[in-house]
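S.K.: sequence and predicted model, in that order:
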Amino acid sequence: MKILPLIASLTFAILATANLSLKEEGPAEMQLELDSLARVGSVMVDGDVCQKIVTERAKQFLFASDPRDEFLAGDNYDVDDAAFNSVKKTLIRLSHLAPFPADVNLWMPIEGHRGKIHLVIRNKNEMSQFWNWGELYGDMAPQMESVLKTGQRITVTSKPGWISVLAPVYNSLGDVVGLIEAVSRVNVDAHENVK
């Protein structure tokens, strides 16, 4: 009977140590974890499937204005369910590779609109250095443009307290068709996006 309290004490000590090391994880360690996660994501996310997510109908409405639908025309977001769900599940699984709260988001350039980029999938924590709440697309950051042109991962820490690693997404022809953003915050506020 003395062995049970000893096992419980040992288990508690191991868990406390693991939790302490998680809390003490600094920006440099987080950056390495996110870079590793983005590298794996660049291989795992299927660019051919990503290109099927946004329907042609939704692409037409993205920049359209409709007098009958003045406030919501750009919010008519229609997706291919199978493609969207497949990629979203992959992104969620990737986010669990980090030992701290993280998101992996999918960004894709908008055909015919140079300098604009579309947040095709954002994840459960809604973390991103580049996304403004309520926007489906925005101006492409220079770092994003660089990833799309060169295919090289880039770490971005320009927003205080944020770490993002941008990595290319390839289709079966080897073309960079989008990018993923592996992102976290040095001090995560779990209630920040509660509206």
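M.R.: Received the coordinates, thanks.

S.K.: mind checking the SS state of His113?
M.R.: coil (DSSP: H, G, I helix; E, B strand; the rest coil).

S.K.: er, Ile180 actually
M.R.: When the rule is three-state DSSP, Ile180 gets the label strand.

S.K.: got a list of what it touches?
M.R.: Going by C-beta atoms under 8 Å, 6 or more residues apart in numbering, Ile180 touches 38, 41-42, 45, 91, 94, 104-107, 166-167, 169. No exception for glycine: its C-beta is placed from N, CA and C like everyone else's.

S.K.: next: Glu33.
M.R.: 25, 97-100, 102.

S.K.: helix or strand for it, which one?
M.R.: Element membership of Glu33 [criterion: DSSP states H and E] is helix 27-44.

S.K.: just give me how far that helix sits from the chain centre.
M.R.: 11 Å (C-alpha atoms, centre = their mean, to the nearest Å).

S.K.: buried set for that helix?
M.R.: 30-31, 33-35, 37-38, 41-42 (16 or more other C-beta atoms under 10 Å).

S.K.: between those residues, which sits nearest Ala83?
M.R.: Gly41 (16.7 Å; C-beta to C-beta).

S.K.: quick check: the closest one touching Ala167?
M.R.: Yes. Counting by C-beta atoms under 8 Å, Gly41 touches Ala167, with 5.9 Å between them.

S.K.: what do those two both touch?
M.R.: Joint contacts of Gly41 and Ala167 (C-beta under 8 Å, 6+ apart) are 180, 182.
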